[in-house]
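Enquirer: My questions concern the predicted model and sequence given below.
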Amino acid sequence: MATEQTSLFTESQFSSPKSEDKNTTFYDSKQDVTKDKRVMFLFVGIVAVSVLISIILSIVQGAKTKSHGFIYFLLGFSLVGFVAIELFMIRFIKTGDLHESKTWFLYVVGFCIMLETIFTDVLLYQ
């Protein structure tokens, strides 16, 4: 099975000058890395704030409602599991277990978490 390090074609099929390969520098490569990290930290921060707001609102609404208070608390607490998945993905990206080209999945999971926080807040305060 092909991995990301294996090539589909041998080097003889596509020959290029070898002198250009060793001396190639990429323009703004370090700047892009820091910009990507800033965007990722900003996005994770926004997700964390929305989850904290949703958990606080679920605790408040659970305390107000005596009959189904624990269910409201569980709505907010269920977000903790999704946040744990997000944190594991960040850890896998930092350690290199998840290739950096797959960081888009981090944003998809974060967007789904934000949707769940919105739906939880709407359900809490119909």
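Expert: That came through fine.

Enquirer: and residue 125, how many neighbours?
Expert: A total of 9 residues lie near residue 125 under the criterion other C-beta atoms under 10 Å. Every C-beta, even on glycine, is put in place using the N, C-alpha and C of the backbone.

Enquirer: And for residue 44?
Expert: By the criterion of other C-beta under 10 Å, residue 44 has 19 neighbours.

Enquirer: now swap in the one 5 residues further on and tell me
Expert: The local packing count at residue 49 equals 11, with neighbours defined by other C-beta under 10 Å.

Enquirer: What's the per-residue pLDDT of it here?
Expert: Looking at residue 49, its pLDDT stands at 92.

Enquirer: next one: residue 115
Expert: pLDDT recorded at residue 115 is 94.

Enquirer: mind listing what's buried in the helix or strand harbouring it?
Expert: In the assignment (DSSP states H and E), residue 115 maps to helix 104-124. Of all the residues in helix 104-124, those buried under the rule 16 or more other C-beta atoms under 10 Å are 106, 109-110, 113-114, 116-117, 120-121, 124.

Enquirer: Alright, I will stop here.
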